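Chemist: Build the 3D model from these lines:
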Amino acid sequence: MSVSVAIRHVTPELGEGPHWEDDKQTLLFLDHVKCELFRWCPVTEELKSLKLGRSCLGAVVPCRKGGYLVGMERTLSHLDWDSGTTTLIQEIQSVGINDTFNDGKCDPAGRYWTGTMGARVDRAPGFELETSSLYSLDTTGKLVKHVDKISVSNGMAWSKDHQTMFYIDSMLSKVEAFDYDIVSGTISDRRDVVNFNLLPDKDTIGVPDGMTIDTDGHLWVACYNGGKVACFDPVTGKKLREVLIPAPRTTSCCFGGKNFDELYVTTAPYLASEEELQLYPMYGSVFKVTALGVRGQPANVYLG
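Modeler: Down below sits the predicted model:
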């Protein structure tokens, strides 16, 4: 196994949302705070960026018909990269809570799933617990709320047999699972898969953030404030291995490359002290992990 820096110091605030575009062989990712989207080709090392002019950017996924679906603030919109034009699809209302879309991914049927995180408008920085929700945007553009009382919605993944959806609300310090119906797009039977509070290294592993899944059905979870990506067996809940990243605020990960055998990891300098930044000079970089001996699955795209 080898860990290297793929792109240096590219996200000065909060790197997030890596997504491998298989058809283009490029990596999508973003800076949540700067509301800036990036597209990088590892073969040519060409890096393109696009600022979207909002206060925050939650996630981005490609659309089958072209362009991208983006979650910005409380809106879901279609983005045309070349023109930078966004077209509103849905918007959620929020009263007294600065509720914004965070992480998002598409399910095997091409629906877009995304959740929110909330902070009170009149309070100091921080999260308001249990004020947010988990939604899906179906292929007709209809927005459906599935779960409420979410705090900080984050990682998602689906099992290879399409019967289970894995999910992270970071403030719970757990990876959870739902029974997933691919036809109706409904979820049920919420349960714990991995409880970070019960792990032997609970004091150092950090908080579960973004997540992906490999072809063996194992979950790879970015551990914020833990400086690692941890691999778990969702059946037993046991940690199988971990990859140390030289930047403790690891935020998310995805598999990419021609064979989906490269793991890309985003990091966040956001709110790091000057001392921490000196200790970890590669903050804000995208890391690449190779020779893991596992492969990921192609990422789903939005079919609306």
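
Chemist: so where is the stretch 51-200 of the chain shaky, pLDDT-wise?
Modeler: 95-97, 119-127 (pLDDT under 70).

Chemist: which helices and strands does the longest strand belonging to the chain pack with?
Modeler: Longest strand in the chain, counting residues (DSSP state E): strand 186-195. In this structure, strand 186-195 packs against strand 143-150, strand 174-181, strand 219-224, with contacts taken as 3 or more CB pairs under 8 Å, 6 or more residues apart in numbering; DSSP states H and E. Any C-beta I mention is one placed from the backbone N, CA and C, and that applies to glycine too.

Chemist: Reformat those strands into JSON lines and put distance to K24 and mean neighbour count next to each item.
Modeler: Formatted as JSON lines, the helices and strands packed on strand 186-195 follow (distance: least, CB to CB, whole Å; neighbours: other CB atoms under 10 Å):
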{"stretch": "strand 143-150", "distance to K24": "28", "mean neighbour count": "15"}
{"stretch": "strand 174-181", "distance to K24": "28", "mean neighbour count": "19"}
{"stretch": "strand 219-224", "distance to K24": "23", "mean neighbour count": "27"}
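
Chemist: Distance to G84 added to those, as JSON lines?
Modeler: Listed next are the helices and strands packed on strand 186-195 as JSON lines, based on distance: least, CB to CB, whole Å:
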{"stretch": "strand 143-150", "distance to G84": "24"}
{"stretch": "strand 174-181", "distance to G84": "35"}
{"stretch": "strand 219-224", "distance to G84": "29"}
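
Chemist: What would the longest strand of the chain look like as CSV? C-alpha coordinates only.
Modeler: The C-alpha trace of strand 186-195 is given here as CSV (Å, rounded to 0.1, in the frame of the first residue of the first chain):
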residue,chain,number,x,y,z
THR,A,186,-37.9,3.7,0.0
ILE,A,187,-35.8,2.8,3.1
SER,A,188,-36.8,1.0,6.3
ASP,A,189,-35.5,-0.9,9.3
ARG,A,190,-32.8,1.6,10.4
ARG,A,191,-30.1,-0.1,12.4
ASP,A,192,-26.5,0.3,13.6
VAL,A,193,-23.7,-1.3,11.5
VAL,A,194,-20.6,0.3,13.1
ASN,A,195,-20.7,2.3,16.4
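
Chemist: what sits up against it?
Modeler: When contacts are defined by CB atoms under 8 Å, 6 or more residues apart in numbering, strand 186-195 is touched by residues 146-147, 165-166, 173-181, 208, 219, 221, 232, 234, 237, 239.

Chemist: Thank you kindly, that will do.
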